[in-house]
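# fold the stuff below for me.
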Amino acid sequence: MTSLITSQRTSASSAVLDKRDWIAGLEKGLSIIDAFDDANPRMTASQAGVRCGLTRTAARRYLLTLQHLGYVACDGKLFWLTPRVLRLGQAYLESARLPRIVQPFLQRVTSGTQEIAYVSVMDGDDIVYIARNGSSRSMNTGIVLGSRVQAQVTAAGMLLLSMRAPEWLENWLTHHELKAYTTYTISSKDRLRIELARIRQRGWAISEQQLELTYRGVAVPLIDRKGDLVGALNVTMPMGHESSDDAVQRVLPVLMETARAMRNLI
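You can find the predicted model right below:
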(Lines give C-alpha, C1' and ligand atoms only; values in the text may rest on other atoms or scores of the structure.)
Protein backbone atom coordinates (compact mmCIF):
# COMPACT_ATOMS: atom_id res chain seq x y z
CA MET A 1 0.00 0.00 0.00
CA THR A 2 2.87 2.37 0.72
CA SER A 3 4.07 2.15 -2.87
CA LEU A 4 0.59 3.07 -4.12
CA ILE A 5 0.40 6.15 -1.93
CA THR A 6 3.93 7.20 -2.90
CA SER A 7 3.16 6.87 -6.60
CA GLN A 8 0.08 9.06 -6.21
CA ARG A 9 2.07 11.77 -4.46
CA THR A 10 4.74 11.62 -7.15
CA SER A 11 2.13 11.87 -9.88
CA ALA A 12 0.55 14.90 -8.24
CA SER A 13 3.88 16.72 -7.90
CA SER A 14 4.84 16.01 -11.51
CA ALA A 15 1.68 17.85 -12.62
CA VAL A 16 3.22 21.21 -11.63
CA LEU A 17 3.90 23.25 -14.77
CA ASP A 18 6.27 26.16 -15.20
CA LYS A 19 4.37 29.37 -16.01
CA ARG A 20 6.55 29.84 -19.08
CA ASP A 21 5.12 26.65 -20.54
CA TRP A 22 1.49 27.46 -19.76
CA ILE A 23 -0.79 28.28 -22.73
CA ALA A 24 -3.78 30.08 -21.26
CA GLY A 25 -5.67 30.08 -24.55
CA LEU A 26 -5.64 26.32 -24.73
CA GLU A 27 -6.95 26.07 -21.18
CA LYS A 28 -9.80 28.48 -21.95
CA GLY A 29 -10.70 26.74 -25.19
CA LEU A 30 -10.94 23.38 -23.44
CA SER A 31 -12.95 24.95 -20.62
CA ILE A 32 -15.50 26.12 -23.21
CA ILE A 33 -15.91 22.55 -24.48
CA ASP A 34 -16.14 21.25 -20.92
CA ALA A 35 -18.86 23.78 -20.08
CA PHE A 36 -21.45 21.89 -22.14
CA ASP A 37 -23.28 19.12 -20.28
CA ASP A 38 -26.73 17.56 -19.95
CA ALA A 39 -28.01 20.61 -18.09
CA ASN A 40 -26.42 23.03 -20.59
CA PRO A 41 -26.51 21.40 -24.03
CA ARG A 42 -26.98 24.70 -25.85
CA MET A 43 -25.71 28.07 -24.68
CA THR A 44 -25.28 31.64 -25.76
CA ALA A 45 -21.82 33.17 -25.65
CA SER A 46 -22.82 35.01 -22.48
CA GLN A 47 -23.94 31.80 -20.76
CA ALA A 48 -20.76 29.98 -21.77
CA GLY A 49 -18.70 32.91 -20.52
CA VAL A 50 -20.38 32.82 -17.12
CA ARG A 51 -19.69 29.09 -16.78
CA CYS A 52 -16.03 29.54 -17.77
CA GLY A 53 -15.26 32.82 -16.03
CA LEU A 54 -14.87 34.68 -19.33
CA THR A 55 -16.39 37.84 -20.74
CA ARG A 56 -19.07 37.43 -23.38
CA THR A 57 -16.68 38.78 -26.04
CA ALA A 58 -13.90 36.36 -25.12
CA ALA A 59 -16.27 33.38 -24.90
CA ARG A 60 -17.73 34.27 -28.31
CA ARG A 61 -14.26 34.36 -29.90
CA TYR A 62 -13.43 30.92 -28.52
CA LEU A 63 -16.81 29.55 -29.62
CA LEU A 64 -16.42 30.95 -33.13
CA THR A 65 -12.93 29.44 -33.37
CA LEU A 66 -14.28 26.07 -32.24
CA GLN A 67 -17.09 26.44 -34.77
CA HIS A 68 -14.54 27.10 -37.53
CA LEU A 69 -12.68 23.93 -36.46
CA GLY A 70 -15.88 21.91 -36.52
CA TYR A 71 -16.22 21.23 -32.79
CA VAL A 72 -19.15 23.59 -32.26
CA ALA A 73 -22.26 24.49 -34.28
CA CYS A 74 -24.37 27.65 -34.03
CA ASP A 75 -27.78 28.90 -35.18
CA GLY A 76 -26.80 32.53 -34.87
CA LYS A 77 -27.50 32.73 -31.14
CA LEU A 78 -27.04 29.37 -29.44
CA PHE A 79 -23.93 27.19 -29.63
CA TRP A 80 -23.72 23.42 -29.18
CA LEU A 81 -21.10 20.69 -29.52
CA THR A 82 -20.81 18.59 -32.67
CA PRO A 83 -19.90 14.89 -32.93
CA ARG A 84 -16.33 15.92 -33.81
CA VAL A 85 -15.72 16.40 -30.08
CA LEU A 86 -15.91 12.60 -29.76
CA ARG A 87 -12.60 12.45 -31.64
CA LEU A 88 -10.87 13.74 -28.53
CA GLY A 89 -12.05 10.82 -26.42
CA GLN A 90 -11.56 8.31 -29.22
CA ALA A 91 -7.96 9.45 -29.58
CA TYR A 92 -7.35 8.40 -25.98
CA LEU A 93 -9.01 5.00 -26.40
CA GLU A 94 -6.99 4.31 -29.55
CA SER A 95 -3.62 5.58 -28.33
CA ALA A 96 -3.50 4.66 -24.64
CA ARG A 97 -1.97 1.31 -23.74
CA LEU A 98 -4.29 0.33 -20.91
CA PRO A 99 -7.62 0.11 -22.82
CA ARG A 100 -6.00 -2.06 -25.50
CA ILE A 101 -4.14 -4.38 -23.14
CA VAL A 102 -7.05 -5.15 -20.84
CA GLN A 103 -9.64 -6.15 -23.45
CA PRO A 104 -8.77 -9.89 -23.62
CA PHE A 105 -8.82 -10.03 -19.82
CA LEU A 106 -12.24 -8.43 -19.69
CA GLN A 107 -13.49 -11.19 -21.96
CA ARG A 108 -12.12 -13.66 -19.42
CA VAL A 109 -14.03 -11.95 -16.62
CA THR A 110 -17.26 -11.88 -18.62
CA SER A 111 -16.89 -15.55 -19.48
CA GLY A 112 -16.16 -16.49 -15.86
CA THR A 113 -18.92 -14.42 -14.25
CA GLN A 114 -21.54 -13.91 -17.00
CA GLU A 115 -21.56 -10.23 -16.00
CA ILE A 116 -20.46 -7.00 -17.68
CA ALA A 117 -16.79 -6.26 -16.97
CA TYR A 118 -15.15 -2.84 -16.94
CA VAL A 119 -11.81 -1.17 -16.37
CA SER A 120 -12.19 2.24 -14.73
CA VAL A 121 -9.83 5.08 -13.87
CA MET A 122 -10.20 8.20 -11.73
CA ASP A 123 -10.41 11.58 -13.43
CA GLY A 124 -11.00 14.39 -10.96
CA ASP A 125 -14.03 13.46 -8.85
CA ASP A 126 -15.32 10.96 -11.40
CA ILE A 127 -14.81 7.40 -12.50
CA VAL A 128 -14.32 7.06 -16.26
CA TYR A 129 -14.95 3.72 -17.96
CA ILE A 130 -12.15 3.14 -20.47
CA ALA A 131 -12.75 -0.52 -21.40
CA ARG A 132 -15.82 -2.76 -21.38
CA ASN A 133 -16.94 -6.27 -22.29
CA GLY A 134 -20.31 -8.00 -22.03
CA SER A 135 -23.88 -7.65 -23.20
CA SER A 136 -25.89 -4.58 -22.24
CA ARG A 137 -28.13 -4.61 -19.20
CA SER A 138 -31.16 -2.45 -18.52
CA MET A 139 -29.41 0.10 -16.30
CA ASN A 140 -30.93 3.54 -16.70
CA THR A 141 -27.48 5.09 -16.29
CA GLY A 142 -26.36 3.70 -19.65
CA ILE A 143 -22.73 3.01 -18.79
CA VAL A 144 -20.71 2.91 -22.02
CA LEU A 145 -17.10 3.63 -22.91
CA GLY A 146 -16.20 7.11 -21.77
CA SER A 147 -19.08 7.36 -19.29
CA ARG A 148 -18.35 9.44 -16.20
CA VAL A 149 -19.91 8.75 -12.80
CA GLN A 150 -19.21 10.33 -9.42
CA ALA A 151 -16.65 8.08 -7.78
CA GLN A 152 -18.32 7.52 -4.41
CA VAL A 153 -21.40 5.78 -5.89
CA THR A 154 -19.50 3.01 -7.71
CA ALA A 155 -17.52 0.04 -6.45
CA ALA A 156 -14.54 1.04 -8.61
CA GLY A 157 -14.65 4.64 -7.44
CA MET A 158 -14.91 3.76 -3.76
CA LEU A 159 -12.00 1.36 -4.16
CA LEU A 160 -9.77 3.96 -5.83
CA LEU A 161 -10.76 6.62 -3.29
CA SER A 162 -9.94 4.28 -0.42
CA MET A 163 -6.41 3.79 -1.73
CA ARG A 164 -5.59 7.48 -1.85
CA ALA A 165 -3.22 9.03 0.67
CA PRO A 166 -5.13 9.81 3.91
CA GLU A 167 -4.49 13.55 3.71
CA TRP A 168 -5.67 13.68 0.08
CA LEU A 169 -8.81 11.74 0.93
CA GLU A 170 -9.64 13.93 3.92
CA ASN A 171 -9.25 17.06 1.79
CA TRP A 172 -11.48 15.49 -0.87
CA LEU A 173 -14.15 14.63 1.69
CA THR A 174 -14.01 18.12 3.16
CA HIS A 175 -14.58 19.90 -0.15
CA HIS A 176 -16.66 17.37 -2.10
CA GLU A 177 -20.45 17.39 -2.09
CA LEU A 178 -22.03 13.93 -1.84
CA LYS A 179 -24.95 13.65 -4.25
CA ALA A 180 -27.71 11.13 -3.50
CA TYR A 181 -28.86 9.12 -6.52
CA THR A 182 -31.06 6.65 -4.62
CA THR A 183 -32.37 6.26 -1.09
CA TYR A 184 -29.43 3.89 -0.47
CA THR A 185 -26.70 6.31 -1.58
CA ILE A 186 -24.19 7.07 1.16
CA SER A 187 -24.63 10.80 1.68
CA SER A 188 -23.03 11.05 5.12
CA LYS A 189 -19.32 11.85 5.03
CA ASP A 190 -18.73 10.10 8.35
CA ARG A 191 -20.38 6.95 7.04
CA LEU A 192 -18.38 7.18 3.81
CA ARG A 193 -15.15 7.48 5.81
CA ILE A 194 -16.02 4.26 7.64
CA GLU A 195 -16.85 2.43 4.41
CA LEU A 196 -13.67 3.60 2.65
CA ALA A 197 -11.56 2.48 5.62
CA ARG A 198 -13.21 -0.95 5.44
CA ILE A 199 -12.52 -1.21 1.71
CA ARG A 200 -8.91 -0.11 2.16
CA GLN A 201 -8.36 -2.81 4.78
CA ARG A 202 -9.78 -5.72 2.79
CA GLY A 203 -8.53 -4.59 -0.65
CA TRP A 204 -11.73 -4.84 -2.68
CA ALA A 205 -15.09 -3.06 -2.85
CA ILE A 206 -18.78 -3.82 -3.23
CA SER A 207 -21.38 -1.14 -3.94
CA GLU A 208 -25.11 -1.85 -3.87
CA GLN A 209 -27.90 0.44 -5.08
CA GLN A 210 -25.72 3.52 -4.70
CA LEU A 211 -26.18 4.70 -8.28
CA GLU A 212 -29.17 2.67 -9.46
CA LEU A 213 -31.73 0.58 -7.61
CA THR A 214 -31.36 -3.23 -7.76
CA TYR A 215 -27.79 -3.08 -9.14
CA ARG A 216 -24.49 -3.91 -7.48
CA GLY A 217 -20.84 -3.69 -8.44
CA VAL A 218 -17.72 -5.45 -7.22
CA ALA A 219 -14.22 -4.08 -7.88
CA VAL A 220 -10.57 -4.98 -7.32
CA PRO A 221 -7.48 -2.82 -7.88
CA LEU A 222 -5.35 -3.00 -11.00
CA ILE A 223 -1.68 -2.85 -10.05
CA ASP A 224 1.08 -2.58 -12.65
CA ARG A 225 4.45 -4.34 -12.63
CA LYS A 226 5.97 -1.46 -10.64
CA GLY A 227 3.40 -1.83 -7.89
CA ASP A 228 1.51 1.34 -8.84
CA LEU A 229 -2.26 1.62 -8.83
CA VAL A 230 -3.50 2.28 -12.37
CA GLY A 231 -7.25 1.66 -12.15
CA ALA A 232 -9.93 -0.77 -11.10
CA LEU A 233 -11.32 -3.96 -12.58
CA ASN A 234 -15.01 -4.36 -11.83
CA VAL A 235 -18.28 -6.03 -12.77
CA THR A 236 -21.83 -4.77 -12.50
CA MET A 237 -24.88 -6.99 -12.11
CA PRO A 238 -28.58 -6.93 -11.29
CA MET A 239 -29.07 -7.97 -7.66
CA GLY A 240 -31.95 -10.36 -8.40
CA HIS A 241 -32.32 -13.10 -5.82
CA GLU A 242 -28.59 -13.48 -5.13
CA SER A 243 -27.31 -12.36 -1.74
CA SER A 244 -24.34 -10.05 -1.39
CA ASP A 245 -22.18 -12.84 0.02
CA ASP A 246 -23.10 -15.24 -2.78
CA ALA A 247 -22.36 -12.58 -5.41
CA VAL A 248 -18.95 -11.81 -3.89
CA GLN A 249 -18.05 -15.51 -3.65
CA ARG A 250 -19.01 -15.97 -7.29
CA VAL A 251 -17.24 -13.00 -8.91
CA LEU A 252 -14.45 -11.89 -6.57
CA PRO A 253 -12.12 -14.88 -7.23
CA VAL A 254 -12.41 -14.31 -10.98
CA LEU A 255 -11.67 -10.60 -10.61
CA MET A 256 -8.69 -11.14 -8.32
CA GLU A 257 -7.17 -13.89 -10.46
CA THR A 258 -7.60 -11.78 -13.60
CA ALA A 259 -6.07 -8.71 -11.95
CA ARG A 260 -3.04 -10.81 -10.91
CA ALA A 261 -2.67 -12.13 -14.47
CA MET A 262 -2.72 -8.57 -15.84
CA ARG A 263 -0.09 -7.26 -13.46
CA ASN A 264 2.97 -8.09 -15.54
CA LEU A 265 1.45 -6.66 -18.70
CA ILE A 266 0.34 -3.20 -17.58
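
# mind listing the strands in the protein by residue range?
Using DSSP state E, the strands of the chain run over 72-74, 79-81, 116-123, 126-133, 148-150, 205-208, 215-223, 229-238.

# I figured L233 hits R108, correct?
No - using CB atoms under 8 Å, L233 is not in contact with R108; the gap is 10.5 Å. Where you see a C-beta, it was placed from the backbone N, CA and C, and this is true even at glycine.

# compare the two (neighbour count), which wins?
Ranked by neighbour count (other CB atoms under 10 Å), L233 and R108 place L233 first, with 27 against 16.

# give me the number of residues near T113?
21.

# ok, and the closest non-adjacent residue to it?
Distances taken as CB to CB, 6 or more residues apart in numbering put V251 closest to T113, at 4.6 Å, once the chain neighbours are dropped.

# so what pLDDT did that neighbour get?
Note for V251: predicted pLDDT of 97.

# could you do N140 as well?
Value for N140, per-residue pLDDT: 50.

# quick one: low-confidence ranges for the stretch 51-200 of the chain?
Filtered on pLDDT under 70, the stretch 51-200 of the chain yields the residue ranges 136-142.

# and if we set it to 90?
86-101, 124-125, 134-148, 175 (pLDDT under 90).

# just the helices from it, written as ranges.
In the stretch 51-200 of the chain, the helices defined using DSSP state H, counting those that start in this stretch lie at 56-69, 86-95, 97-113, 155-162, 166-175, 189-202.

# quick one: the shortest one to chain centroid distance?
The reference is to helix 155-162. Put simply, helix 155-162 sits 10 Å off its chain's centre (CA atoms, centre = their mean, to the nearest Å).

# helices or strands next to that helix in the packing?
strand 116-123, strand 126-133, helix 166-175, helix 189-202, strand 205-208, strand 215-223, strand 229-238 (3 or more CB pairs under 8 Å, 6 or more residues apart in numbering; DSSP states H and E).

# so which residues make contact with it?
Under the criterion CB atoms under 8 Å, 6 or more residues apart in numbering, residues 118, 120-122, 126-127, 149-152, 169, 172, 195-197, 199-200, 204-207, 216-221, 229, 231-232, 234 lie in contact with helix 155-162.

# and what of the longest one?
Contacts of helix 97-113 from elsewhere in the structure, counted by CB under 8 Å, 6+ apart, are 92-93, 115-119, 121, 130-134, 222, 230-231, 233, 235, 237, 250-251, 254-255, 258, 261-262, 265-266.

# filter those down to just the buried residues.
115-119, 121, 130-134, 222, 230-231, 233, 235, 237, 250-251, 254-255, 258, 262, 266 (16 or more other CB atoms under 10 Å).

# I'd like the distance between the most far-flung residue of the chain relative to its centre and V144.
Computed with CA atoms, centre = their mean, the maximum C-alpha offset from the centroid of the chain is found at G76, amounting to 34.7 Å. Distance of G76 to V144, given as CB to CB, to the nearest Å: 33 Å.

# before we move on, what about L78?
27 Å.

# those two: which is more packed in?
Remark: of L78 and V144, L78 carries more neighbours, 14 against 9, as counted by other CB under 10 Å.

# in contact with the closest residue in space to that one that isn't next to it in sequence, which residues?
Leaving aside its chain neighbours, L78 sits nearest to R42 (4.4 Å; criterion: CB to CB, 6+ apart). By CB under 8 Å, 6+ apart, the contact list for R42 reads L78, F79, W80.
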